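*Asks:* Kindly return the folded structure for what I paste below:
(2 chains)
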Amino acid sequence: MSQELHNLVAHDLEPHADHAEKPKGVTRWLYTTNHKDIGTLYLVFSLIMLFTGGSMAMVIRAELFQPGLQFVDPHFFNQMTTVHGLVMVFGAIMPAFVGLANWMVPLMIGAPDMAFPRMNNWSFWLLPCAFLILLSTLFMEGGGPAAGWTFYAPLSTTYSNDSTAFFVFAVHIMGISSIMGAMNIIVTIFNLRAPGMTWMKLPLFVWTWLITAFLLIAVMPVLAGVVTMVLTDKYFGTSFFNAAGGGDPVMFQHIFWFFGHPEVYIMILPAFGIISSIIPAFARKPLFGYESMVIATASIAFLSFIVWAHHMFTTGMPVAAELFFMYTTMLIAVPTGVKVFNWVATMWRGAMTFETPMMFAIAFIVLFTLGGFSGLMLAITPADFQYQDTYFVVAHFHYVLVTGALFGIIAGVYFWIPKWSGVMYSERLGKIHFWCSVISVNMLFFPMHFVGLAGMPRRIPDYALQFADLNAFISIGGFLFGLSQLLFVTVVVRCMAGKGIKASDRVWEGAKGLEWSIPSPAPYHSFQTPPEITETR
Amino acid sequence: MKIIGVSHQPLLRKLVLICLGMFLFGFALVPLYDVFCDLTGLNGKTANTAAAPSTSIDEQRLIKIEFVANHDDSIPWRFAPEIPSIEVNPGAVNIVNFNVKNLTGNAMVGRAVPSVSPGAAARYFKKIECFCFVEQPLDAYGEKSMPVQFYVVPQLPAEYSTITLSYRLYKSQAQTAGR
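*Replies:* Sure thing, here's the model as predicted:
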């Protein structure tokens, strides 16, 4: 019965289910409803955005190479920090995770495709439109948004130019795209699991993405709301954030961070899932503490809703509120610690090998934990008064987002690209890419802790002379890290061109899961009849 | 275990409802924020309406009340309290004047927004009459003296000996004095 239904649905979803060949040309990509095509589109788009946002970071580091003003004027510098943040958060990290989900979730749960293939196409194609709008403001008179990626009122209302309207519209479109993507993933996981794929057999990548998708549909609408308020405050005479009309600029920060804190977990939970897939494969042991991993992920998601005000300790909150947000923030270290210890326990006495995905995964565990530790320091309210708005904060969130989220994504790409392309990536290039990245990224971000503790403020194009040496060192690290990623592009392009040794179906000796049971490269249509679930996770 | 081929619509409908609900919740945070501050007395917000007169006076205690006045860039008026501070008995009603002068050649309407620090003492600071309750029009180069009539509730916790009353003057949303 279910077999017949499945076939029926598969045909329903896939107009081309009968022929094996793919549609050709550019319309294949424009009209595609295939989850693998859309996954590829998302991943390629996020790689382009990584370099777009990255080149802005290079402008920032070039300006900060020496004290004084050399290359750009302060207003353009502000645009660079703002748009760098927006592009990396909404253009690079989030779409990369959605791309990985598109590729891997149906393969991991034995589904023929995503639940809403047409909506999937629309979710993706909204994104290039949104970023075209956002990036075009940089070439307009007066420049793009310059209020920081957090666009605090009144910087984004009273003191911004008309790029605000474009920025708000772009964020609305990105939000709609993210929400549709999240809904698609939730419905796919709920309704399209193969028979026998019970909840507690789901791979952790699927679990973490399910929880991430719920976070997305819970907070992206709040972001849409707050940008709408900015828009109406600026253009339609409302006073949400304007004290003259009875509003309150601090309220902007409350609403923004009510979105913003769950958002930072949206950018890390799927990486937890990727690492939880990679570590068991290369340690050749099942994941230690699967149930506790699921519970820890859900706990982190819940806690993310009650910690937002730790971003605003210095706004003059009462002591009771500061203590509440300090303790809840520190509480997050518990489920996160559970995860880190579980990964370490998975490796413990495993028959480990160190291919590139595993190298990035191990670097993720070490460096993400370092970012977590500086997060704990920032959680201590009285200490935060000292660290607020310094480079220490910049160091913290780049450790969790670059060596955390981005390294997770890169590890995932190395892990799964043989399945996508059918050829092994160049292990030699991969290793060089890893070592160049891991050394330069620490040159780039580690000294930021020290200049931050010494009092160097963030988002300022100039700095006091005593920070000169460390900043020059940081900038060199930044340029090296940027150049290292060209190696990554080389690796990916070689695979996409089919250059390399043919990959086996299982690819990795210790890899477990449905995605490794189909041929490499993954056929255009997979699991048209539901697979039998024989392996346990 | 769900059978594959189940209808996606019911779940999708629920998810759309969650989205719409959260969008509205974002806006609901605006009044909720004020209600929360009112209920808890956080944020240094004082009541924007006249308080009941004081009933008893505590002669034993003296509380120092400091006055701060500043103005927004949008309204180039001179704005300052007549005296920088005053010592009062809790419960005793006092009147202090704030002087304001329009430095421009245009008639304008100002609106003062009060704030009390420390925030937790705000609910013990009562205003019987205040120029901040209403809009304040001024002719070109006009000036006037604006009174605030207040008392401190005798139940003010012992740890507070100084309260700062701050006003920030904004250009009123009503653009001209003629309206």
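
*Asks:* what's across from residue B:114 in the sheet?
*Replies:* Beta bridges link residue B:114 to residue B:167, judged by DSSP bridges.

*Asks:* and the gap between it and residue A:458?
*Replies:* 33 Å (Cβ to Cβ, to the nearest Å). For the C-beta atoms, the positions are set from N, CA and C on the backbone; glycine is no exception.

*Asks:* isn't residue A:463 right up against residue A:452?
*Replies:* No - assessed by Cβ atoms under 8 Å, residue A:463 is found out of contact with residue A:452, at 11.3 Å.

*Asks:* Which one's more surrounded, these two?
*Replies:* Using other Cβ atoms under 10 Å in any protein chain shown, the more surrounded residue of residue A:463 and residue A:452 is residue A:452, with 23 against 19.

*Asks:* Quick check: phi and psi at that one.
*Replies:* Here is the backbone geometry of residue A:452 (degrees, to the nearest 10): phi -70, psi -50.

*Asks:* coming back round to it: compare residue B:114 and residue A:458 (neighbour count), which wins?
*Replies:* residue B:114 (21 against 17).

*Asks:* Might one say that that one is in contact with residue B:166?
*Replies:* Yes - judged on Cβ under 8 Å, residue B:114 makes contact with residue B:166 at a distance of 7.0 Å.

*Asks:* which residues are common contacts for those two?
*Replies:* Listed as contacting both residue B:114 and residue B:166 by Cβ atoms under 8 Å, 6 or more residues apart in numbering or on different chains is no residue at all.

*Asks:* ok, for residue 56, nearest residue in space, not its chain neighbours?
*Replies:* Reading this off chain A. By the measure of Cβ to Cβ, 6 or more residues apart in numbering or on different chains, the closest residue to residue A:56 outside its immediate chain neighbours is residue A:84, 4.0 Å from it.

*Asks:* switch to chain B, that's the one I care about
*Replies:* residue B:91 is the one closest to residue B:56 (Cβ to Cβ, 6+ apart), at 5.2 Å.

*Asks:* likewise residue A:392?
*Replies:* Nearest non-adjacent residue to residue A:392, counting by Cβ to Cβ, 6+ apart: residue A:452, 2.9 Å away.

*Asks:* And that neighbour, how far from residue A:61?
*Replies:* Distance, residue A:452 to residue A:61, using Cβ to Cβ: 16 Å.

*Asks:* ok, now residue B:79?
*Replies:* Where residue A:61 is concerned, residue B:79 sits at a distance of 45 Å (Cβ to Cβ).

*Asks:* do residue A:123 as well
*Replies:* Taken as Cβ to Cβ, the span from residue A:123 to residue A:61 is 33 Å.

*Asks:* the helices in chain B, which residues?
*Replies:* Secondary structure of chain B (DSSP state H): helices at B:9-40.

*Asks:* Quick check: pLDDT value at the residue nearest to residue A:392.
*Replies:* You'll see residue A:452 listed with a pLDDT of 96.

*Asks:* Who are the contact partners of it?
*Replies:* A:387, A:390, A:391, A:392, A:393, A:394, A:395, A:458.

*Asks:* Which helix in chain A has the most residues?
*Replies:* For chain A, the helix reaching the highest residue count under DSSP H is reported as helix A:204-235.

*Asks:* give me the low-pLDDT residue ranges for chain B?
*Replies:* B:1-5, B:40-49, B:173-179 (pLDDT under 70).

*Asks:* Nearest residue to the middle of it?
*Replies:* Closest to where the C-alpha atoms of chain B average out (Cα atoms, centre = their mean) is residue B:114, at 4.1 Å.

*Asks:* circling back to that earlier point, neighbours of the residue nearest to residue B:56, just the number please.
*Replies:* As a burial measure, residue B:91 scores 19 neighbours (other Cβ under 10 Å).

*Asks:* so where's chain A uncertain?
*Replies:* For chain A (pLDDT under 70), the answer is A:1-21, A:535-537.

*Asks:* again, only using 50
*Replies:* Low-confidence segments of chain A (pLDDT under 50): A:1-19.

*Asks:* for chain B, what spans make up the strands?
*Replies:* Taking DSSP state E, the strands of chain B run over residues B:63-71, B:77-81, B:85-88, B:94-102, B:108-117, B:125-130, B:136-138, B:143-152, B:162-171.

*Asks:* who does the second one pair up with?
*Replies:* According to DSSP bridges, strand B:77-81 forms sheet pairs with strand B:94-102 (antiparallel).

*Asks:* Can I get stretch A:244-254 in PDB, CA atoms only?
*Replies:* The C-alpha trace of stretch A:244-254 is given here as PDB (Å, rounded to 0.1, in the frame of the first residue of the first chain):
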ATOM      1  CA  ALA A 244       9.700  62.100  20.600                       C
ATOM      2  CA  GLY A 245       6.600  60.200  19.700                       C
ATOM      3  CA  GLY A 246       6.500  58.000  22.800                       C
ATOM      4  CA  GLY A 247       8.600  55.200  21.400                       C
ATOM      5  CA  ASP A 248      11.900  53.800  22.800                       C
ATOM      6  CA  PRO A 249      15.100  53.100  20.800                       C
ATOM      7  CA  VAL A 250      16.100  50.500  23.400                       C
ATOM      8  CA  MET A 251      13.000  48.500  22.400                       C
ATOM      9  CA  PHE A 252      14.500  48.100  19.000                       C
ATOM     10  CA  GLN A 253      17.400  46.200  20.600                       C
ATOM     11  CA  HIS A 254      15.000  44.000  22.500                       C
END
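
*Asks:* coming back round to it: between the helix or strand just after the longest helix of chain A and helix A:204-235, how big is the angle?
*Replies:* For helix A:204-235, the succeeding helix or strand toward the C-terminus, using DSSP states H and E, is helix A:249-266. Counting by axes from the mean of the first three to the mean of the last three Cα atoms, to 10 degrees, helix A:249-266 lies at 160 degrees to helix A:204-235.

*Asks:* what comes up buried for whatever helix or strand comes next after helix A:249-266?
*Replies:* Downstream of helix A:249-266, the next assigned helix or strand under DSSP H and E is helix A:269-283. Neighbour-count burial for helix A:269-283, counted by 16 or more other Cβ atoms under 10 Å in any protein chain shown, picks out A:269-283.

*Asks:* cool, and stretch A:518-532?
*Replies:* Across stretch A:518-532, burial judged by 16+ other Cβ under 10 Å covers A:518, A:520, A:521, A:522, A:524, A:525, A:526, A:527, A:528, A:530, A:531.

*Asks:* got the CA positions of that stretch in PDB?
*Replies:* What follows is stretch A:518-532, C-alpha atoms only, in PDB (Å, rounded to 0.1, in the frame of the first residue of the first chain):
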ATOM      1  CA  ILE A 518      22.900   4.900  -3.600                       C
ATOM      2  CA  PRO A 519      25.500   5.200  -6.400                       C
ATOM      3  CA  SER A 520      28.000   8.000  -6.700                       C
ATOM      4  CA  PRO A 521      27.300  10.400  -8.200                       C
ATOM      5  CA  ALA A 522      23.800  10.400  -6.700                       C
ATOM      6  CA  PRO A 523      21.300   9.700  -9.600                       C
ATOM      7  CA  TYR A 524      19.100  12.600 -10.600                       C
ATOM      8  CA  HIS A 525      16.100  10.800  -9.100                       C
ATOM      9  CA  SER A 526      16.700   8.700  -6.000                       C
ATOM     10  CA  PHE A 527      14.500   6.600  -3.600                       C
ATOM     11  CA  GLN A 528      11.600   6.600  -6.000                       C
ATOM     12  CA  THR A 529      10.700   3.400  -4.200                       C
ATOM     13  CA  PRO A 530      11.200   3.700  -0.500                       C
ATOM     14  CA  PRO A 531      14.400   2.000   0.700                       C
ATOM     15  CA  GLU A 532      14.400  -0.600   3.400                       C
END
